[in-house]
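K.L.:
Sharing a model that was predicted from the sequence below.
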Amino acid sequence: MWTHPETWISLATLAAMEIVLGVDNIVFLTILAGKLPREQQPLARRLGLGAALGTRLALLFAITWLMGLTSNLFTVVGKGFSGRDLILGLGGLFLIGKATFEIHDKLEVGHEATPQGGAAASFGWTILQIALLDIVFSLDSVITAVGMAKHVEVMVVAMVAAVGVMLVFAGPIGRFVDAHPTVKMLALSFLILIGVMLVAEAFEQHIPRGYVYFAMAFSLGVELLNLRLRGAGERPVKLHSRYENDPQARRTVKEQLELDI
């Protein structure tokens, strides 16, 4: 497996996707941890990322087990659907819907300020909130892994590498994505591409992953050229975020991205 170039390409591509898509997770994690006393915040962020990794791996193993169910559960218009087909089809539709919602949310929707409680949150309750919130964030991450890699080992290594990179370089990654919003939009558009591939596979229309990797790499290469050619004084579009009108949350995120994780 590890001797094939496609394995390493899928590993690098998947890890990069996990990192870019994980920036929002870091933002929400930082906001929740920011409610704790200052001396507890670094430990809460690290435990939060650890919980994020554990949740992703648990979901990954559960989904890959379900995908092993290849016996037909029911038939529609002469087409049999197994547990694997349902996971691929529903997962693909979820990615398409989630990516479309996120693109709309970041470009079209202005967010109202959310009230912040004055009392500091308890450490255990904050970690529990982070763990529960990450289940929602993990779904698109895990389904993306299933769509991009053939082997569970590759998916696990990519997820561990992505969380490790975010743990060490959360600040620079967050600032880069914030300064170049097209990177975030490209990652979301890649989710749509992966979702279409999963839906096609659910109906036994196999699309070779090499074509998908080439399309993503070509698109990213064009965007990197755009970033290089863009004038330094030109300001990019500012994406909306759920904490943009919340002064306390915005200040917390800014401080922690400057200090890294």
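P.N.:
Structure received.
K.L.:
At which residues are the strands of the stretch 1-150 of the chain located?
P.N.:
Under the criterion DSSP state E, counting those that start in this stretch, strands of the stretch 1-150 of the chain are mapped to 72-76, 79-82.
K.L.:
quick one: strands adjacent to the longest one?
P.N.:
For strand 72-76, the paired strands and their directions (DSSP bridges) are strand 79-82 (antiparallel).
K.L.:
In TSV, list the strands of the stretch 1-150 of the chain along with distance to residue 47 and mean neighbour count.
P.N.:
For the C-beta atoms, the positions are set from N, CA and C on the backbone; glycine is no exception. Below are the strands of the stretch 1-150 of the chain laid out as TSV (distance: least, Cβ to Cβ, whole Å; neighbours: other Cβ atoms under 10 Å):
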stretch	distance to residue 47	mean neighbour count
strand 72-76	39	10
strand 79-82	38	15
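K.L.:
Nearest to residue 17, out of the ones you listed?
P.N.:
Nearest to residue 17 among the strands of the stretch 1-150 of the chain is strand 79-82; the distance by Cβ to Cβ comes to 26.8 Å.
K.L.:
From the chain's centroid, how far away is the helix or strand containing residue 173?
P.N.:
Using DSSP states H and E, the element containing residue 173 is helix 152-179. The chain centre lies 10 Å from the centre of helix 152-179; the measure is Cα atoms, centre = their mean, to the nearest Å.
K.L.:
And for stretch 208-225?
P.N.:
From the chain centre to the centre of stretch 208-225 is a distance of 18 Å (Cα atoms, centre = their mean).
K.L.:
outside of it, which residues touch it?
P.N.:
6, 9-10, 13, 148, 150, 182-183, 186, 189-190, 193-194, 197 (Cβ atoms under 8 Å, 6 or more residues apart in numbering).
K.L.:
Same list, those, but as a markdown table with neighbour count and distance to residue 53 please.
P.N.:
Below are these laid out as a markdown table (neighbours: other Cβ atoms under 10 Å; distance: Cβ to Cβ, whole Å):
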| residue | neighbour count | distance to residue 53 |
| --- | --- | --- |
| 6 | 15 | 25 |
| 9 | 16 | 23 |
| 10 | 23 | 19 |
| 13 | 20 | 19 |
| 148 | 25 | 18 |
| 150 | 14 | 21 |
| 182 | 16 | 28 |
| 183 | 18 | 23 |
| 186 | 18 | 24 |
| 189 | 16 | 26 |
| 190 | 24 | 22 |
| 193 | 19 | 25 |
| 194 | 26 | 21 |
| 197 | 22 | 25 |
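K.L.:
Format those residues as TSV; extra columns: pLDDT and distance to residue 77.
P.N.:
Output for those, formatted as TSV (pLDDT from 0 to 100; distance: Cβ to Cβ, whole Å):
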residue	pLDDT	distance to residue 77
6	78	34
9	83	37
10	82	34
13	83	35
148	79	30
150	77	29
182	85	41
183	82	41
186	87	37
189	89	31
190	85	31
193	89	27
194	86	26
197	88	22
